[in-house]
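Q: Below are the sequence and a predicted model; questions follow.
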Amino acid sequence: MNHVLLVEDDLSIIDGLEFSLQKNGFNVDVARTVKEAFLALNDKTYDLLIIDLALPDGSGFDICKKVRRSSHVPIIFLTASDEEVNIVMGLDMGGDDYITKPFKLNELISRINALLRRAKLSNCTQHEIASNGITVKLLENRVWKDNREIELTASEYRLLCLLMQHPGSILTREMILDRLWDHNGNFIDDNTLSVYVRRLREKIEDDPENPVFLLTARGLGYRWNIVR
C-alpha cells in the first residue's frame, strides 16, 4: 500500500480527498500546516506528497524546498491560483505535477497513479549511469560531474536519467513528456520542457550556449551525445 501525505488546511477538501484516496487503496496522513508537515516527514517515509500552496504558517513551496534537499519523492501541488508564474515556479522547484482548485477527484487519482508508476519504473536494477564525465548514482539520486556533485531538481534529475539511459537516440518532446509527466495533461506549459533543458545544460555543460552532451535535434526532440 502506498503512503501519501496530504498537506491541506481546508476541511472540506481534506474530507473528500482523504476518503477518495483511502477508497483507492492509499494510506493517508494529513497535515494542516507547514509545521505539521515537517513533523510528519521526520517521522515517516512517504511514496507521494500532495501539498497545498497556501497554508496558515507558510507556503507549500517551503515544504518542497526542504524535501528536495534529500528526496525525489513525487510531489503534486494544489492551489486556487492558475497563474503561470506559480506553475513554472512549482515545477522548477522540484514539483512533479500541479492541479488547480476546484479539481475532479478522478483526475487527481489518475495523476497520482501515473506519478507512482513512473517512480516505480525509475527504480531499476541499474545502480549507476556514467558518460561524458557525468555519473548518476541511481540508488542515491545523486549526480556528479568530474567528481563534483551537481544539485538538480527532481525533474532535471529524471530528464538527465532518461536521456543518459538512451544514448544516441532522439527522444521526441512527446516521448519525454510522456515519461516525465502525464502526456495529455493540460497542466504542462508548452515551454516547461525547454526551460528544464536549458537549466540542465547550465549545470552539466562546460559551455551551455554550445552544448556537446545534451543536443537538440531540430524539429524532432533531444539526444544525449556520447563524446568520444
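A: Structure's in. What do you need?
Q: so who does residue 226 touch?
A: If a contact means C-beta atoms under 8 Å, 6 or more residues apart in numbering, then residue 226 has 131, 132, 167, 168 as its contacts. All C-beta spots, glycine's among them, are computed from the backbone N, C-alpha and C.
Q: ok, now with 6 Å
A: Taking C-beta atoms under 6 Å, 6 or more residues apart in numbering, we find residue 226 in contact with 131, 167.
Q: And the longest helix along the chain, what's buried?
A: Counting residues, the longest helix found in the chain (DSSP state H) is helix 105-122. By neighbour count on 16 or more other C-beta atoms under 10 Å, the buried set for helix 105-122 is 108, 109, 111, 112, 114, 115, 116, 118, 119, 122.
Q: Which residue is the nearest non-sequential neighbour of the first one?
A: Taking C-beta to C-beta, 6 or more residues apart in numbering as the measure, residue 108 lies nearest to residue 99, with 6.0 Å between them; neighbours along the chain are not counted.
Q: which SSE is the one you found in?
A: Assignment of secondary structure by DSSP states H and E places residue 99 within strand 97-100.
Q: quick check: domain ranges of the protein?
A: Per automatic domain parsing, the domain ranges recorded for the chain read 3-122, 128-224.
Q: how about TSV for those domains, with mean pLDDT added?
A: Shown next, in TSV, are the domains of the chain (pLDDT from 0 to 100):
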stretch	mean pLDDT
domain 3-122	88
domain 128-224	84
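Q: Quick check on the residue lying closest to residue 146 once chain neighbours are set aside: phi, psi?
A: Of all residues not flanking residue 146 in the chain, residue 133 sits nearest, at 4.9 Å (C-beta to C-beta, 6+ apart). With angles defined as degrees, to the nearest 10, residue 133 sits at phi 80, psi 0.
Q: And residue 133, how far from residue 144?
A: The gap separating residue 133 from residue 144 is 9 Å, by C-beta to C-beta, to the nearest Å.
Q: same thing with residue 179?
A: Distance of residue 179 to residue 144, computed by C-beta to C-beta: 23 Å.
Q: more neighbours, these two?
A: Between residue 179 and residue 144, counted using other C-beta atoms under 10 Å, the more crowded position is residue 179 (17 against 14).
Q: Could you say which helix or strand holds that one?
A: Using DSSP H and E, residue 179 sits within helix 173-180.
Q: Just give the closest residue to the residue positioned nearest the centre of the chain, not the sequence neighbours.
A: Geometric centre of the chain, nearest residue: residue 96, 3.1 Å, by C-alpha atoms, centre = their mean. Spatially, and ignoring its direct neighbours in sequence, residue 96 is nearest to residue 74 (4.7 Å; C-beta to C-beta, 6+ apart).
Q: can you pull the contacts of the one you found?
A: Residues near residue 74 by C-beta under 6 Å, 6+ apart: 48, 96, 115, 119.
Q: Closest one to residue 157 out of those, please.
A: Lowest distance from residue 157 to those (C-beta to C-beta) belongs to residue 96, with 11.1 Å.
Q: doesn't residue 75 make contact with the closest one?
A: Yes: contact criterion C-beta atoms under 6 Å: residue 96 and residue 75 qualify, at 5.4 Å.
Q: OK, contacts around residue 116?
A: residue 2.
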